[in-house]
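[1] Just to be clear, the model below is a prediction. Sequence and coordinates:
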Amino acid sequence: MLINRHLAVKVTGLILLILCIQSGFYKSYCIEREAVVVVREMDLRFGPVPLPLDEKTKNDLKNYIKSGGDIKNPGPANFYLQKRKSYEALLFFLSRKELFRVSDIFTRQKGLYQVNPRVSKWLKGPVVLSIIDATQKRPASEKSFGPLAVSDGHLWWIFYRNKKNQIVRLKLTVL
């Protein structure tokens with residue numbers, strides 16, 4: 001009797017999945033869900049720091065990346081060792097003298113943000129707008145010029161913008 005009940009539950013679940021796929025529910029609610037970035041606890045994040053980076057902040061940021069993003073228990077990060085030149089080039093880019101416009105790092109096509117080809121060698125999409133950051137009093141939205149986050153595969157790079165469409169701060173957190 002118990003085996004028949006388990007079989008009935010599995011068959012019912014399969015039928016519901018088929019109905020969801022046919023109705024488009026599965027595609028719109030299960031596949032295309034928006035990604036969310038969670039800013040980790042204090043020991044696993046760096047910043048926010050102002051952009052462009054000054055020399056001291058650039059070195060502090062490099063040390064954070066070298067430690068694997070863990071301030072309390074630093075250790076050599078294999079991903080840093082493998083991509084050292086890439087990280088150094090990105091930090092050099094973020095140290096330029098003039099302020100960054102959003103378009104320097106991101107492009108917007110058909111209403112969606114994407115990584116600008118100039119920085120796509122360092123940062124990979126997708127660009128995430130939903131960021132849960134306990135250090136903020138209230139969640140930001142795109143309408144309030146909320147942050148834009150993108151990953152390098154190991155760390156989230158969160159860029160904060162102002163109402164002038166400039167990127168003015170940076171925060172890193174581990175994935």
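    Okay, I see it. What you see is a predicted model, and the numbers here were worked out from it, not measured in a lab. Residues are numbered from 1 along each chain as shown.
[2] Can you find the helix or strand of the protein with the lowest average pLDDT?
    helix 25-26 (a mean of 44; mean pLDDT, DSSP states H and E).
[3] The longest strand along the chain - what's its average pLDDT?
    In terms of residue count, the longest strand belonging to the chain (DSSP state E) is strand 166-174. Per-residue pLDDT values over strand 166-174 give a mean of 90.
[4] which helices and strands sit right next to the helix or strand hosting Lys85?
    The secondary structure element spanning Lys85 is helix 84-93 (assigned by DSSP states H and E). Helix 84-93 is packed against helix 55-66, with contacts defined by 3 or more Cβ pairs under 8 Å, 6 or more residues apart in numbering; DSSP states H and E. Just so you know, the C-beta spots here come from the backbone N, C-alpha and C atoms, and that holds for glycine as well.
[5] can you state the direction angle for the helix it packs on and helix 84-93?
    150 degrees (axes from the mean of the first three to the mean of the last three Cα atoms, to 10 degrees).
[6] now could you export just the CA positions of whichever helix or strand comes after helix 55-66 as PDB?
    Sequence-wise, the next helix or strand downstream of helix 55-66 (DSSP H and E) is helix 78-82. Presented in PDB, the C-alpha positions along helix 78-82 are these (Å, rounded to 0.1, in the frame of the first residue of the first chain):
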ATOM      1  CA  ASN A  78      44.000  29.400  -6.000                       C
ATOM      2  CA  PHE A  79      41.700  31.400  -8.200                       C
ATOM      3  CA  TYR A  80      43.800  34.500  -7.500                       C
ATOM      4  CA  LEU A  81      47.000  32.700  -8.400                       C
ATOM      5  CA  GLN A  82      45.500  31.400 -11.700                       C
END
